[in-house]
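K.L.:
no sequence for this one, just the structure:
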């Protein structure tokens with residue numbers, strides 16, 4: 001099972017095993033990661049699962065589609081490495097992924 005590292009806004013790191021086929025957001029919700037709000041439940045309709053992806057992983061992720069790009073325009077403090085975790089499906093290729101949780105509870 002792939003291990004994902006979530007880093008919360010206070011710098012706390014939590015390594016969790018996330019099943020293949022789940023989203024990075026679901027992995028956060030299922031493991032009580034603080035800051036991933038996911039108000040829409042993963043429908044790419046709220047941007048409250050926004051996170052910053054470690055630079056080393058950006059090229060290993062699937063390309064962002066237009067819907068995710070549009071939703072990120074509504075995210076607080078969007079950056080070049082911003083992604084919606086609901087749009088990132090976990091697979092063995094993401095073992096070791098590091099995500100910094102954004103400020104999603106504004």
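P.N.:
Yep, it's here. Predicted model, so just to flag it, every value in this text is computed and none were measured.

K.L.:
use CA for all of it now, contacts and neighbours both
P.N.:
Fine.

K.L.:
Which parts of this structure are strands?
P.N.:
3-7, 13-17, 50-53, 82-84, 98-101 (DSSP state E).

K.L.:
what's the third one in contact with?
P.N.:
For strand 50-53, the surrounding residues in contact (Cα atoms under 8 Å, 6 or more residues apart in numbering) are 36, 72, 75, 79, 81-85, 98-104.

K.L.:
hmm, back to that, can you say which of the strands of the chain is nearest to residue 90?
P.N.:
strand 3-7 (8.9 Å; Cα to Cα).

K.L.:
Direction included, what does that closest one pair against?
P.N.:
Paired neighbours of strand 3-7 in the sheet (DSSP bridges): strand 13-17 (antiparallel), strand 98-101 (parallel).

K.L.:
Could you tell me how far the longest one lies from the centre of the chain?
P.N.:
Strand 13-17 sits 13 Å away from the centroid of its parent chain (Cα atoms, centre = their mean, to the nearest Å).

K.L.:
List of residues touching it?
P.N.:
1-7, 27, 31, 33.

K.L.:
change it to 6 Å
P.N.:
1-7 (Cα atoms under 6 Å, 6 or more residues apart in numbering).

K.L.:
Likewise for the last one?
P.N.:
Outside of strand 98-101, the residues within contact range by Cα under 6 Å, 6+ apart are 5-8, 51-54.
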